[in-house]
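> below is the structure, and that's it, no one-letter string:
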């Protein structure tokens, strides 16, 4: 079977720097951080980490009509706004969107955590459901983002909703890539979304993986750094439009890049602890599908969240496959770990690096950990020919993904 070449022709974002792709890329290129001290979290018993990278306030009432908003939690609102921007960027008409040939693959860790809190605060005291609003379930369901995006944009194609925590968006992009490859869909809106909530940070806090540098939010997270102390959760959504190369050329669409390969492997050694062997298998699988060699990779955008185990394992995996001559950096120091949105928001920034032919270093990486020093850790902005990029994302539960992206002249 002859497979379609798959390209990215649209980008949309909500991030800790605000609404839209320009806000995201401008914040990153200025070296800013979206991490903030969440003062109200001090009242939560046992929570040590009071840090997050929230999206700035905005008026959703002016951007989405009420009939749509009533079934959307914060995470679905992010996804809908990013999807609208991506569709407009790709110049998809309403005819395209509602043709049945346009689908969505949009992942998240769960539905809206705030909606879960509201639901159980109403239900648990007296185990009474009378005060629960009818729209709450649609905010809570794990496919809330994909369902609400399909409703908001009038999509009639395939709907998918990967829920694999930190690899949700990466798996969604990989799934969209396969659907376009095989011709099942003409266009796919792919990515992920997640929202900041104290309970989500609490999950990382309980397993001692959350940063506690509450007095210096601008200095954390610090991936690959010897003084790193864990994850800072962020929020937002990144959505990409995928279509075949032939379709994009026929439409005269702007092509950001071609997706050459997708690696997706399971690590069955431990549900929480990462292992470089599984990470390396995901990277090798991706390179094999792309039909390229390790020496073809010009840059690695690492998952690197600022945890000791994760950073060391990923550095080892990159070294196993690529050696030590390929520049590597992480974007978590700029926008925190946006969980279900990480793979797509970071890919949008990677596309901008390819466009500008300039690499962005890891923010807060000052004192590289010797255990991560076997790879070429990027410490400063660098002008470089960037044609082919490896994008890594890994998740608790043993999910290991990798994408290879290539610039199309």
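Perfect, I can see it now. On a predicted model such as this, the values are computed, not experimentally measured, just so you know.
> work out for me the element the spatially most central residue of the chain sits within.
With distances taken as Cα atoms, centre = their mean, residue 342 lies nearest the centre of the chain, 1.9 Å away. Using DSSP states H and E, residue 342 sits in helix 342-356.
> who are the contact partners of residue 191?
12, 79, 82-83, 86, 106-107, 169, 172-173, 237-240, 341, 343-345 (Cβ atoms under 8 Å, 6 or more residues apart in numbering). All C-beta spots, glycine's among them, are computed from the backbone N, C-alpha and C.
> who's in contact with the helix or strand hosting residue 24?
Assigned by DSSP H and E, residue 24 belongs to helix 21-29. The contact list for helix 21-29, computed with Cβ under 8 Å, 6+ apart, reads 11-13, 15-18, 34, 85, 89, 331, 334-335, 345, 348-349, 352, 360.
> would you map the helices across the stretch 201-350 of the chain?
Per DSSP state H, counting those that start in this stretch, the stretch 201-350 of the chain carries helices over the ranges 245-251, 276-290, 308-322, 332-335, 342-356.
> might you report the residue contacts of the residue lying farthest from the centre of the chain?
What lies farthest from the middle of the chain is residue 126; by Cα atoms, centre = their mean that is 38.4 Å. The neighbourhood of residue 126, defined by Cβ under 8 Å, 6+ apart, contains no residues.
> domain parsing for the protein?
6-251, 261-406 (automatic domain parsing).
> in CSV: the ones you listed, plus mean pLDDT.
CSV is the format used below for those (pLDDT from 0 to 100):
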stretch, mean pLDDT
domain 6-251, 97
domain 261-406, 97
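> from residue 86, how far out is residue 243?
Applying Cβ to Cβ, to the nearest Å, the value for residue 243 to residue 86 is 12 Å.
> oops, could you answer that again for residue 273 instead?
From residue 273 across to residue 86, the span is 35 Å (Cβ to Cβ).
> those two - which one has more neighbours?
Ranked by neighbour count (other Cβ atoms under 10 Å), residue 273 and residue 86 place residue 86 first, with 30 against 12.
> where's the more buried one relative to residue 9, distance?
Per Cβ to Cβ, residue 86 is found 9 Å from residue 9.
> which neighbours do the two share?
residue 241.
> which residue is the nearest non-sequential neighbour of the residue nearest to the centre of the chain?
residue 166 (5.7 Å; Cβ to Cβ, 6 or more residues apart in numbering).
> pull the number of nearby residues for the one you found.
Residues within reach of residue 166, counting by other Cβ under 10 Å, total 27.
> again, but for residue 134
Look at residue 134: counted by other Cβ under 10 Å, it has 8 neighbours.
> confirm it sits in a helix?
No. Under DSSP: H, G, I helix; E, B strand; the rest coil, residue 134 sits outside any helix and is assigned coil.
> and the gap between it and residue 70?
Counting by Cβ to Cβ - residue 134 and residue 70 are separated by 9 Å.
> now swap in residue 286 and tell me
In this view, residue 286 and residue 70 are 41 Å apart by Cβ to Cβ.
> which one of the two has more residues nearby?
residue 286 (25 against 13).
> skip the chain neighbours and tell me the closest residue to the more buried one.
For residue 286, ignoring the flanking residues on the chain, the nearest one in space by Cβ to Cβ, 6+ apart is residue 263 at 3.2 Å.
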